[in-house]
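>>> just need the structure, nothing else, for what follows:
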Amino acid sequence: MRIAVLGNSGSGKSTLANWLASAMGAGLLDLDTVAWEPGKIAVPRSAEAAAEEVGDFCSRHENWVVEGCYAGLISITFAHDPLLLFLNPGEEQCVANCQSRPWEPHKYSSKTEQDERLAFLLSWVRQYYSRQGDMSLHGHRECFATYSGQKVEVTAKPRLDPPAPEVLAWLR
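As a prediction, this is how the structure comes out:
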């Protein structure tokens, strides 16, 4: 089973991807770890290097979950025919998720540093609906529309405990 999860910051991608990977016993790739230079979240990696790492990950694992807000990197997974889940729960839910987000040690050196960047993150989340490009609603809709494989747009927070029937269906 291979699953690609796409959506806005705060849409629940990481929570869902972690749950799916655990339930499947699958490899997990958070695209933030390949889109940015290690230890330098504000310094982007070259598009070629990031794309190569995504392709390598997908090729190395029989079962995997890849998650992120980078439509271009998600589209690299399409060569492996994943189920594409587009999380689109709306601005209010994304903001609420960001405000209750646990510390992400792979992105920030401390919870304090993460909290200091919350205002920027919330602004970024809100701009998703009006900006253009790879990390926008427009870019995500385009990515979703062009994928010819199995795909689902998820507009409400998926229930994971206990898992909703539609969540369990994604594992088949």
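
>>> okay, now Trp19: neighbour count?
17 (other CB atoms under 10 Å). C-beta here means a position set from N, CA and C on the backbone, and glycine is covered the same way.

>>> and the one 10 residues further on, by the same measure?
The burial metric for Leu29, expressed as a neighbour count using other CB under 10 Å, is 23.

>>> contacting residues for it?
For Leu29, the contacting residues are 54, 57, 64-67, by CB atoms under 8 Å, 6 or more residues apart in numbering.

>>> swap in Asp81?
Neighbour list for Asp81: 2, 149 [criterion: CB under 8 Å, 6+ apart].

>>> next one: it from Arg131, what distance?
Counting by CB to CB, to the nearest Å, the gap between Asp81 and Arg131 amounts to 30 Å.

>>> helices of this protein, residue ranges please.
Using DSSP state H, the helices of the chain run over 13-24, 32-35, 47-60, 71-76, 91-99, 111-116, 118-127, 137-146, 165-170.

>>> out of those helices, nearest to Pro105?
Comparing these against Pro105 with CB to CB, the closest turns out to be helix 111-116 (8.7 Å).

>>> pLDDT on that closest one, on average?
Mean pLDDT, computed over helix 111-116, is 92.

>>> give me the buried positions along it.
Within helix 111-116, the residues scored as buried using 16 or more other CB atoms under 10 Å are Gln114.

>>> any stretches of this protein with poor pLDDT?
Residues of the chain that meet the criterion pLDDT under 70 lie in 40-41.

>>> report the central residue of it.
Gly68 (2.4 Å; CA atoms, centre = their mean).
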